[in-house]
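Test case, fold it:
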Amino acid sequence: MNTTVRMKASEIYRDWHVIDAAGRPLGRVATEAAILLRGKHKPTFEPHLDDGDFVIIINASQVRVTGKKAEQMKYHRHSGYPGGLRTRSYTDQMARFPERVLEQAVRGMLPKGPLGEAVGKHLKVYKGSNHPHQSQVIGSERARAARAATPVVTEPAKPPRLRPLAVPQAQHQAVEE
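Numbers count the residues shown, from 1 in each chain. Coordinates of the predicted model:
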């Protein structure tokens with residue numbers, strides 16, 4: 001029998017993952033982070049739920065792009081006033097804010113709307129190799145080991161059987177005649 005298992009809020013677990021972006025292509029790092037943030041690597045993935053994990057990206061300043069993308073990629077922002085469009089190239093943006101380059105690449109791969117905003121808050125990007133989330137990563141590894149040690153229930157528990165009716169036999173025979 002095939003049944004769909006729906007997750008409850010109490011059953012959702014969030015692990016912490018660290019991705020090192022040093023020397024890796026921008027798109028590959030962003031794709032890996034987006035998959036982990038959405039929770040698509042879990043067997044309990046549901047597209048309408050935020051059941052993904054937390055992602056820490058370190059060494060954002062050492063991410064690379066291939067080909068002529070360094071000259072061709074542009075980052076736009078607008079002040080909201082007429083003529084307020086400002087544009088930076090990839091090299092300028094990497095020199096000033098390397099974290100924003102990766103954040104924008106990952107957020108472009110997440111859903112738009114309230115779900116995407118909630119999932120995007122689980123992304124932490126740092127330009128160096130230091131991050132303040134080491135205790136969360138260690139706790140996540142311990143929880144993952146504890147989940148692996150517990151047995152997995154493959155069949156749902158059957159409901160208890162109802163007790164038989166307590167009807168005396170004498171009354172039962174008198175009704176039939």
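
quick check, residue 31 in a helix?
Yes: under DSSP: H, G, I helix; E, B strand; the rest coil, residue 31 sits within a helix.

count of neighbours near it?
Neighbourhood size, residue 31 [other CB atoms under 10 Å]: 14. No exception for glycine: its C-beta is placed from N, CA and C like everyone else's.

so where do the strands sit in this protein?
16-20, 54-58, 74-78, 85-89, 123-125 (DSSP state E).

and the ones you listed as CSV, adding mean neighbour count?
Below are the strands of the chain laid out as CSV (neighbours: other CB atoms under 10 Å):
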stretch, mean neighbour count
strand 16-20, 18
strand 54-58, 21
strand 74-78, 11
strand 85-89, 12
strand 123-125, 21
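
To residue 142, which of those lies closest?
Ranking the strands of the chain by proximity to residue 142 (CB to CB) places strand 16-20 first, at 11.1 Å.

For that closest one, name the packing helices and strands.
helix 26-38, strand 54-58, helix 134-149 (3 or more CB pairs under 8 Å, 6 or more residues apart in numbering; DSSP states H and E).

Recalculate using a threshold of 6 Å.
strand 54-58, helix 134-149 (3 or more CB pairs under 6 Å, 6 or more residues apart in numbering; DSSP states H and E).

By mean pLDDT, show me the worst of these.
Comparing mean pLDDT across these, the weakest is helix 134-149, with a mean of 94.

list the helices and strands that helix packs on?
Using 3+ CB pairs under 6 Å, 6+ apart: helix 134-149 touches strand 16-20.

Any idea what the nearest residue to residue 136 once chain neighbours are set aside is bridged to?
Using CB to CB, 6 or more residues apart in numbering and skipping residues adjacent in sequence, the residue nearest residue 136 is residue 16, 4.8 Å away. Residue 16 has these beta-bridge partners by DSSP bridges: residue 54.
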